Every structure is written in C-alpha cells, then in structure tokens.
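K.L.:
fold the following and give me the result.
(one chain, ligands or ions: 1)
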Amino acid sequence: MAEPQIGKDVSHSKTDDNSDSKEHVYLEETFYILTKKKSVFRVRLTSKGLSLIKETDDYSKEQTILLRDIIGSKCMRSKRRRVGASSCVCSSLAGHHLKVVDENSGDLDESDISAYLYIYAYVLKRSRRTRKRERTTITLRFRSYDRYEDNNREAQKWRTTIKCLLADTPVSYALPHNEKKLLILLNPKSGPGKARELFQTKVAPILQEAEASYDLHVTKYAKYAREFVRTRNVYAWRAIVAVGGDGVLFEILNGMFERLDWQQALEEVPLAIMPCGSGNGLARTICHHYNEPYIPQNLTGLSMALARGKKAHMDVVRVETKSKIMFSFLSVGWGLLSDIDIESERLRAIGGQRFTLWALARLVGLRKYKGVLSYAKIKDISNLPKPKHPLTIGHSVSQDDALDSPDVEAFFDCDENSDVFSSAVNGKRHSRVDSWYSVNSRRSAFYSTRGSDYHSVTSSGSEMRSPVHACMHGPASHLPSLVSQLPSHWVHEEGEFVMVHVSYQSYIGEDLLFAPSSLLSDGVMWMLIIKAGISRTQVLSFLIGMSQGNHTDGNNEFIKMVPVSAFRIVPEGPNGYLTVDGEMVEYGPIQAEIFPNIVNILVPDTK
Ligand SMILES: Nc1ncnc2c1ncn2[C@@H]1O[C@H](COP(=O)(O)OP(=O)(O)OP(=O)(O)O)[C@@H](O)[C@H]1O
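P.N.:
Residues are numbered from 1 along each chain as shown. All right, here's what the predicted structure looks like:
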C-alpha cells in the first residue's frame, strides 16, 4: 500500500467527471473498514476538495466535499478511559463510543497509538425551497505504524496540506504563517440584544474550527467602536468585524475616516459584518451577491467568510450636513422609511418585525414633506466609467494604548459526542487499518479560539472616552458647499414628497430588496423618489413589493428610481427625520457623493 505522500512526488492530474478542469491530487490514501470487509474508502485531497470514494467489488461511489466548504482540521488522540470503564486496551474499538482529546492533552490514552484527523466542513444543502449549510465532520484515523508519533506525522501531513490549500498558499510541510487576529467589536445592545449570545453560539465555534483567533471587545457605549478604531493600531489585526447592526459598522467606518492614515488603513485592513441588528442590510446584500444563503441569526456563511478572509471592494458615500461630514455604506433617507426606522426604535426588543409594524402605523398617518431635491443623474448605467481611487494620499499615524486586560480564555475541546467509525483490530502489529466516518450537524462545544482574547465589559481597564477632538479625513469632495449653487446639469425637483431614499446596496434590510441592480462596487447610488399624491394602497403595494424587489415595477407616476452619482436634499421646515445608514442625523440640508472602491469588505468565498 502506498504511503500518503505530499506535493509533487505524488501529484497527478485527474479529469473531473463533471468538468473539463484538471484537478491536482495532493494526497491519496486508502482507509479500510474491517466491519465491511469488501469495501474500502479511497480518500483524495485535491485542488477541488476532499473526495471520498467508496469502493466495493460491485460498485464505486464518490462524494466530494468542496474545498470552499471546508473550514479547518484538527489532529486528536483518544481520551483516557475512566477507571472501571468496561473496556480493555486491546479490545476492538468498534461499537464503542470513542472520545478524543487535543493531542497535547494530559488526559490522553497512551495505549492508543492512532492519530485522528478531524476535518470540519459546512456543506451547502438544498431542500425544495431553501438552501442552508450543514456541519459535517470527516474523521480519518491513522494507525499504520506502531508508534503514535509516526501516525501523527501522517495525520499532520494531511492537516498541513489542507491548511495550505485553504490559505491558498503553496503546499509545504510547514503550516502557513498566520497570522494576525481578527478584531471583533460587538454591540451588546444591537437589535433585540442577542449579539453576545449569537457570537458565542454561532460565530466562535466556526472560528475555533478554522483556528482563526480574535480579540473580542464589547462596546461600552455609543461611539465606543468609532473611538476604538480611531485610536488603535488597526494594522495589528487582519480585519475589523462589526458584530451588531449596520450602526456598529457605520461607527467603525467613520472611525477609520477619522484617522490621518485613513487611506492606508482602509486598504490594508478589511472590514466585516456579523448581522445581529434589526436591519442588517449590508450583510443581506453581501450574501445576495455571493449566492450565500441568508438565514437570520444563522451566521454560518458569514463566519466562514471571516475565517477565509476573501476581500471585495465596496463603495462609500461621503455625506455632508450643515455641521458634519460622515461616510456611509448603506443609505441616506428622508421621509417614510426614515420615519419608520427611527420611530420604531421603541419596539427594538422585537427585532426586524418592528419595521413591519411601524410601516402599518405610518401608512395610516401618511406624511408628506416639502423641499427641494437635486441630483446628478447617471445617464447610462451600462456604460459606467472605470472606478478610480481617490487621489488624496494619507500618511500613517497609529496609537497603541492598551484598553482592557484580557479576560479568561474560554476554550473547550470537542471531546464529547465524537464518534469514530473504527476498525476491529487488536494485537500489537498493525497493518493499515484506518477508517473514516462522517457525521452531519454534530453539536459543537467550542466557544473560543485558542489564542483569542475576550475583553469583557466587566474587565478592569481604562474607559476609553477619548478627549482628543476627532476630525474627519477621507477623499476630497467634488461638490460645492451646502449653501452654494449646484452645477447646471443637475436635475432639480421642488415640491412635496412622501419619501426620498437613496441606497448603494441591494438590500437596505433583511427583507427589503431596495435596488436589485446595485453592486457592491459600481459607483452608483439608487435614489427612490415618492411624490405626495400617491394613495395609501399604492404605498402599501410599494412596501409589499420591496420584499421581492418589484416595488418600482408597473406604471406609477408618483414613484421613480433614478441612478445618481451625487444628490442634495433641502427640506423645508424644522420637522422630520434624516437618516444615514439607519442612524438619525441633523435635520436640514444634506448632500452626498459616491466614491467607488474605497473599502475592502470580507465576503464569502464562493469561487
Ligand atoms: N454599549 C452600547 N450601549 C448603547 N448603545 C450602543 C452601544 N454600543 C453601540 N451602541 C449604539 O447602538 C446603535 C445601534 O446599533 P446597531 O446598529 O448595532 O443595532 P441596530 O440599530 O439594532 O441594528 P441595525 O442598524 O441593523 O438596524 C449604534 O448607533 C451604536 O452607536
């Protein structure tokens, strides 16, 4: 039997049955199942993924776990049995409930020389109407040699190769050098207040399996995340993750623009979002573009994206009010949708449904707002100029003061419920008698990645509230000041409006497909204008249509959607709401322009 080998020595090309593309085989090994004497499993690690080929005298059946669905792997050993447990060292393992522990654990069973490789994957499953990821663990048992060290070496070879393939680095015997930690900024108050729980139960276990370590900071007050990002050496982390609603990411983004080195920081440190708020428009948009199932409070696909680190460019909009400049990634709103967003705050505890309830209330008392709307219309969106980077060059400034001391690290190994389909072999000499076993959706007991730090709200440490006056940097505006005249080619509309809402993302909420044609990075803002005079029935069908993205279909003289590159809204009177990314800003004149490609955001790896 050929030993598993690595890299060039054994590599050969295999033509995939389903495609013409050549597939590179890195490792290949046969695993026997003695209880099923006539069947073997040929396991192949290829550039495509992990192929498990079951071969009997009569047939051969292949299952492939795609590389993009694999999140990580881990080498384990058997756990020492308790004294009095009904087993003897030399007895068959078949039928027994095998428990495994970390290879460095003090609780391991020295008499079992097997090394176990656990491979963790989240495979996309389709049922008739839905798609979702299911957790799958493949266990390979290495027991060809008489010494654990030799078996472990084999298992480690597979682990290293998997790790290199996942990191997209050349396959070698050394684990790829990784890497900086993730910076997690978690808002415990976002949405219905479940961010902490969701992170611990849904995100942390996946980061654990991927061996992606992180520093977790729980925000202590509004603007905490913004100050944190402004004042820290953000280059120490490989990405900054907002766990909460769009509001936390808004803070992080604006904290980045408050840095003198904003350009370098945004180029080198990608941002990411884990949706635990009530709107979650950006997270929904990312999943939409990358064909990743979006299931509220599930977070599997986006957690995998954190581990993988694949980046995409995203546009950012510079917004100016009378007294502030800010940067936005989602939307600017005036009228109906902003009223619903802000006034439904009091129903925060019920999560996203607050929008539906308040929409009904606002429909009954439909308001209209007087003002002037001006915009630079994009004439041909199929022929957009290639996005440019802003010309301003920032210089790097970083501060590195300490905030909290790390709290206790919570790490639990997956030593419960870990079944391994094992072969009946006793005696001292082993021929190759390894076996594999795969089980779906196993419960996981992982909470925190080794090497990750949890900075608790209760941990001692300085309150941050920075006394430093923050000033906004970022790309230079091309617009005249808010009180100056606009260019002559702009369109002006004066009158009464039910709403004007501008978004640069497809979804502005989990169920609100606002701009179906929008892309993450296209330099286009989609401006939806609803003029006064529209009937309540038409508004209702507009709101219902937004769940499917067909709210602007059909002939309606009161509703229109316009692609723009810049706009200005000048409301009349003192009463009303203006929102930027769902956050209320001062009521009065507001203008905005889009800057393509400024931010890097982590996205699912669905290549
Ligand atoms: N510890 C905290 N205490 C109080 N408010 C906080 C804290 N941390 C952050 N905030 C503020 O909470 C606001 C709302 O946050 P977030 O966006 O996470 O939730 P959400 O509004 O429910 O979600 P969405 O924006 O998706 O609707 C933000 O403006 C943020 O500044």
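
K.L.:
give me the helices and strands touching the lengthiest helix in the chain, please.
P.N.:
Once the chain is assigned using DSSP state H, the helix that runs over the most residues is helix 148-167. Contacts defined by 3 or more C-beta pairs under 8 Å, 6 or more residues apart in numbering; DSSP states H and E place helix 148-167 against strand 22-32, strand 40-46, strand 70-78, strand 115-126, strand 131-142. Bear in mind the C-beta positions are built from the backbone N, C-alpha and C, glycine included.

K.L.:
please enumerate residues in contact with the helix or strand following that helix?
P.N.:
Sequence order places strand 181-186 as the next helix or strand after helix 148-167, per DSSP states H and E. Here strand 181-186 makes contact (C-beta atoms under 8 Å, 6 or more residues apart in numbering) with 195-196, 199, 207, 212-219, 224-225, 228-229, 234, 236-244, 248, 252, 272, 276, 306, 451-453.

K.L.:
please flag which of the residues you listed sit within helices.
P.N.:
Secondary structure assignment by DSSP H places Ala195, Arg196, Leu207, Tyr224, Ala225, Phe228, Val229, Val248, Ile252, Leu306 of those in helices.

K.L.:
mind checking how far the first one is from Val539?
P.N.:
So that's Ala195. According to C-beta to C-beta, to the nearest Å, Ala195 and Val539 sit 33 Å apart.

K.L.:
between these two, who's got more neighbours?
P.N.:
Ala195 (26 against 20; other C-beta atoms under 10 Å).

K.L.:
next one: the more buried one from Glu227, what distance?
P.N.:
In terms of C-beta to C-beta, Ala195 sits 19 Å off from Glu227.

K.L.:
ok, Pro516 next?
P.N.:
On the measure of C-beta to C-beta, Pro516 and Glu227 end up 37 Å apart.

K.L.:
more neighbours: which of those two?
P.N.:
Glu227 (20 against 15).

K.L.:
surely that one is in contact with Ile252?
P.N.:
No: Glu227 lies out of contact with Ile252 (C-beta atoms under 8 Å); the separation is 10.6 Å.

K.L.:
how is this structure divided into domains?
P.N.:
7-157+412-440, 328-380+473-596 (automatic domain parsing).

K.L.:
which parts of the stretch 451-600 of the chain are helices?
P.N.:
536-545 (DSSP state H, counting those that start in this stretch).

K.L.:
give me the residue ranges of the stretch 101-250 of the chain where confidence is low.
P.N.:
105-106, 176-178 (pLDDT under 70).

K.L.:
what residue in it comes nearest to the ligand?
P.N.:
Gly245 (1.8 Å; C-beta to the nearest ligand atom).

K.L.:
could you give the separation of stretch 166-181 from the chain centroid?
P.N.:
Relative to the mean C-alpha coordinate of its chain, stretch 166-181 is positioned 21 Å out (C-alpha atoms, centre = their mean, to the nearest Å).

K.L.:
just stretch 548-557 next, same as before
P.N.:
The chain centre lies 31 Å from the centre of stretch 548-557; the measure is C-alpha atoms, centre = their mean.

K.L.:
show the average pLDDT along it.
P.N.:
Stretch 548-557 comes out with an average pLDDT of 72.

K.L.:
so which residues on the chain come close to the ligand?
P.N.:
For the chain, the residues in contact with the ligand (C-beta under 6 Å from any ligand atom) are 187-191, 219-224, 244-248, 251, 277-280, 582-583.

K.L.:
please, a ChimeraX command that selects the buried ones among those?
P.N.:
In ChimeraX, this line selects whichever of these come out buried by 16 or more other C-beta atoms under 10 Å:
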select :187,188,189,190,191,219,220,223,224,244,245,246,247,248,251,277,278,279,280,582,583
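
K.L.:
let's see which of the residues of the chain next to the ligand end up in strands.
P.N.:
Judged by DSSP state E, the residues of the chain next to the ligand include Gly244, Glu583 as members of strands.

K.L.:
do a quick rundown of the helices in the stretch 301-450 of the chain.
P.N.:
Assigned by DSSP H, counting those that start in this stretch, the stretch 301-450 of the chain shows helices spanning 336-343, 353-364.

K.L.:
identify, out of the ones you listed, the most deeply packed stretch.
P.N.:
Counting by mean count of other C-beta atoms under 10 Å, helix 336-343 has the highest mean neighbour count of the helices of the stretch 301-450 of the chain, with a mean of 23.

K.L.:
ok, back up a step: just put the helices and strands packed on helix 148-167 in CSV and tack on mean neighbour count and distance to Gly365.
P.N.:
Formatted as CSV, these follow (neighbours: other C-beta atoms under 10 Å; distance: least, C-beta to C-beta, whole Å):
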stretch, mean neighbour count, distance to Gly365
strand 22-32, 18, 62
strand 40-46, 20, 62
strand 70-78, 24, 49
strand 115-126, 21, 44
strand 131-142, 20, 40
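
K.L.:
so which of the ones you listed is nearest Lys311?
P.N.:
Lys311 lies closest to strand 70-78 among these, at 17.9 Å (C-beta to C-beta).

K.L.:
following the closest one in sequence, what is the next regular element?
P.N.:
Assigned by DSSP H and E, the successor of strand 70-78 is strand 100-102.

K.L.:
now for that following strand, which elements pack on it?
P.N.:
The elements that strand 100-102 packs onto, with contact taken as 3+ C-beta pairs under 8 Å, 6+ apart, are strand 70-78.

K.L.:
the strand it packs on: how far from the chain's middle?
P.N.:
Using C-alpha atoms, centre = their mean, the offset of strand 70-78 from its chain centre is 23 Å.

K.L.:
what's the answer for stretch 153-167, then?
P.N.:
On C-alpha atoms, centre = their mean, the centre of stretch 153-167 falls 24 Å from the chain's centre.

K.L.:
coming back round to it: among the contacts of strand 181-186, the buried ones, what's the PyMOL command?
P.N.:
A single PyMOL command suffices to select whichever of the contacts of strand 181-186 are buried according to 16+ other C-beta under 10 Å:
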select buried, resi 195+196+199+207+212+213+214+215+216+217+218+219+224+225+228+229+234+237+238+239+240+241+242+243+244+248+252+272+276+306+452+453
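
K.L.:
burial count for Arg80?
P.N.:
Count around Arg80 with other C-beta under 10 Å applied: 17.

K.L.:
give the contact list for the closest residue to it other than its chain neighbours.
P.N.:
Distances taken as C-beta to C-beta, 6 or more residues apart in numbering place Asp109 nearest to Arg80, at 4.5 Å, with adjacent residues excluded. Listed by C-beta under 8 Å, 6+ apart, the contact set of Asp109 reads Arg77, Ser78, Lys79, Arg80, Arg81.

K.L.:
and for Val599?
P.N.:
Listed by C-beta under 8 Å, 6+ apart, the contact set of Val599 reads Leu253, Leu266, Pro270, Leu271, His313, Met314, Asp315, Val316, Phe329.

K.L.:
let's see the pLDDT reported for it.
P.N.:
Val599 is given a pLDDT of 97.

K.L.:
what's the closest non-adjacent residue to it?
P.N.:
Closest to Val599 by C-beta to C-beta, 6+ apart is Met314, at 4.5 Å.

K.L.:
how near is that neighbour to Leu373?
P.N.:
With C-beta to C-beta as the criterion, Met314 and Leu373 are 26 Å apart.

K.L.:
does Arg536 really touch Leu363, like I thought?
P.N.:
Yes: contact status for Arg536 versus Leu363: in contact at 5.7 Å, counting by C-beta under 8 Å.

K.L.:
surely Lys125 is in contact with Asp69?
P.N.:
No: between Lys125 and Asp69 there is no contact under C-beta under 8 Å: 10.4 Å.

K.L.:
just the buried residues of the contacts of Val599.
P.N.:
Applying 16+ other C-beta under 10 Å to the contacts of Val599 flags Leu253, Leu266, Pro270, Leu271, His313, Met314, Asp315, Val316, Phe329 as buried.

K.L.:
let me have those residues in JSON lines, extended by pLDDT and distance to Arg131.
P.N.:
Below are those laid out as JSON lines (pLDDT from 0 to 100; distance: C-beta to C-beta, whole Å):
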{"residue": "Leu253", "pLDDT": "98", "distance to Arg131": "30"}
{"residue": "Leu266", "pLDDT": "97", "distance to Arg131": "33"}
{"residue": "Pro270", "pLDDT": "98", "distance to Arg131": "26"}
{"residue": "Leu271", "pLDDT": "98", "distance to Arg131": "26"}
{"residue": "His313", "pLDDT": "97", "distance to Arg131": "26"}
{"residue": "Met314", "pLDDT": "97", "distance to Arg131": "24"}
{"residue": "Asp315", "pLDDT": "96", "distance to Arg131": "28"}
{"residue": "Val316", "pLDDT": "97", "distance to Arg131": "30"}
{"residue": "Phe329", "pLDDT": "97", "distance to Arg131": "26"}
